[in-house]
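*Asks:* structure for the following, please:
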Amino acid sequence: MPAPAVLLHIGPAKTGSTAMQHAMFQVREQLARHGVHYVGSRPHEKEAGGIALGLAHGAIGRRDPRPESWQRLVDEMATTTLPRMVLSNEDFGRADEAAIDRILTATGADRTHLVYVARRLDKVLPSHWQQQVKARMTTSYEDFLREMLDPDADTWRHRLVMDPQDVGAVLARWGKVLPPERMAVVVAEEGDREALPRAFEGLLGLPAGLIAPPGGPANQSMGLAETEAVRRINRLAIDEQWTPVEYRQLVQLGVVKELKNRAGQSGPRIGGVPAWAFERVAELADTQVDDIRSSGVNVVGDPDRLRVRGQVEPVDLPDEITAVDLDVLADVVSGLRTAAKRMKARTLAGPAADVRGQRDDLGGRQLLQLLARRTAARLGVRRG
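*Replies:* Numbers count the residues shown, from 1 in each chain. Purely as a prediction, here's the structure:
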């Protein structure tokens with residue numbers, strides 16, 4: 001990219017975005033020494049992105065986006081003296097025309113270079129299912145696939161997941177403002193953790209090896225047993241009418257965090273799509289390849305790697321999990337205990353400690369006692 005320039009990374013989600021954000025943020029001082037400014041005071045400025053997208057409400061359990069969060073990034077981009085910048089937000093992959101205008105007004109349309117990362121759909125879909133389970137969804141993987149692959153579906157979740165994967169439509173929207181020579185699609189290389197960092201280094205004119213391959217908690221997934229445990233807890237959360245704040249604190253910041261970090265995840269995982277869904281996924285993948293090739297944008301990697309047909313086979317889904325190991329249950333309880341203690345501390349700290357300015361209804365000990373009576377029955381147990 002010629003200077004001055006802004007590399008605008010728009011994701012989409014589940015294509016390595018979070019891992020890349022953490023990888024670049026960790027070396028932001030080294031990036032600066034090479035004339036590249038990583039925009040933001042944290043790896044992913046989700047709240048600011050919400051304002052840019054025009055969202056009125058935050059994600060589950062989070063406060064509503066505040067205009068000043070986006071304005072802070074706008075001011076930062078306006079005042080940096082380094083010749084190149086990186087602004088990364090995977091949510092921008094679903095920006096409509098109004099949001100695109102807001103974003104490019106901030107970055108400067110005449111200096112913005114767009115990068116979109118395309119990943120094989122048979123890998124994206126299982127990852128999205130797990131992500132939605134971590135956001136309170138109770139739907140099974142197969143039912144999730146039926147919704148995502150239905151061409152007539154018009155649900156909020158379908159739009160959230162599938163619209164950003166329509167690379168032709170995404171490039172067309174951004175292409176109304178940006179010329180194709182300042183747009184790029186990077187094709188993700190499955191199994192090659194260095195491909196994405198090397199692509200970003202090339203786009204930014206950085207020495208090879210400066211950005212370490214992503215790894216660690218930023219891109220840690222759960223096994224099937226752990227995901228199923230969360231899915232059952234989601235049913236409990238719905239039955240017990242947990243508030244969004246309670247759910248975020250107990251499940252996302254408690255149980256999920258504990259299960260992602262557990263050492264014994266050696267059980268089955270879902271790594272693809274079953275036979276009944278294979279042809280539809282293959283059709284969508286072929287359309288992605290055709291849209292990329294006809295777009296006229298720069299392409300890093302081989303678009304044919306996105307094809308499913310001829311490269312992979314349908315997978316046999318694991319048997320339904322009817323009970324979880326005692327070790328998984330122990331980690332669930334550990335996560336709940338840690339979260340309940342945190343909630344009790346926030347309650348004692350007073351209303352200002354809560355993201356919505358309200359006290360939690362339950363203290364740590366009372367909440368843990370309530371959950372202990374119900375969690376084991378909901379999960380079921382079997383001796384490992």
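*Asks:* residue ranges of the helices in the stretch 251-384 of the chain, please?
*Replies:* For the stretch 251-384 of the chain, the helices defined by DSSP state H, counting those that start in this stretch occupy 256-261, 275-295, 326-349, 364-379.
*Asks:* quick one: mean pLDDT for stretch 149-157?
*Replies:* Average pLDDT, stretch 149-157: 95.
*Asks:* er, stretch 308-324 I mean
*Replies:* 89.
*Asks:* next: stretch 87-95.
*Replies:* Mean predicted lDDT for stretch 87-95 stands at 97.
*Asks:* give me the contacts around it.
*Replies:* Here stretch 87-95 makes contact (C-beta atoms under 8 Å, 6 or more residues apart in numbering) with 6-13, 15, 17-18, 20-21, 24, 39-40, 44-46, 48-50, 52-53, 73, 77, 99, 103, 107, 116, 159-160, 163-164, 170, 173-174. Glycine gets a C-beta too; all of them are placed from N, C-alpha and C.
*Asks:* quick one: low-confidence ranges for the protein?
*Replies:* 214-220, 262-266, 346-384 (pLDDT under 70).
*Asks:* domains of it?
*Replies:* Domain ranges of the chain: 5-120+163-219, 224-268+322-382, per automatic domain parsing.
*Asks:* residue 277 is nearest to which of the ones you listed?
*Replies:* Nearest to residue 277 among the domains of the chain is domain 5-120+163-219 (13.8 Å), distances taken as C-beta to C-beta.
*Asks:* list buried residues within the contacts of stretch 87-95.
*Replies:* Among the contacts of stretch 87-95, those classed as buried by 16 or more other C-beta atoms under 10 Å are 6-13, 15, 17-18, 20-21, 24, 39-40, 44-46, 48-50, 52-53, 73, 77, 99, 103, 107, 116, 164, 170, 173-174.
*Asks:* nearest to residue 134, out of the domains of the chain?
*Replies:* When those are compared by C-beta to C-beta, domain 224-268+322-382 sits nearest residue 134, at 5.3 Å.
*Asks:* how about residue 162, phi and psi?
*Replies:* phi -90, psi -30 (degrees, to the nearest 10).
*Asks:* which residues in this structure form strands?
*Replies:* 5-9, 36-38, 84-88, 112-118, 183-187, 298-300, 324-325, 381-382 (DSSP state E).
*Asks:* take these and lay them out in CSV including distance to residue 229.
*Replies:* Listed next are the strands of the chain as CSV, based on distance: least, C-beta to C-beta, whole Å:
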stretch, distance to residue 229
strand 5-9, 33
strand 36-38, 36
strand 84-88, 31
strand 112-118, 30
strand 183-187, 34
strand 298-300, 38
strand 324-325, 5
strand 381-382, 11
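*Asks:* of those, which is nearest residue 138?
*Replies:* Checking those against residue 138 by C-beta to C-beta gives strand 324-325 as the closest, at 15.8 Å.
*Asks:* which helices and strands sit right next to the closest one?
*Replies:* Judged by 3 or more C-beta pairs under 8 Å, 6 or more residues apart in numbering; DSSP states H and E, strand 324-325 is in contact with helix 224-239, strand 381-382.
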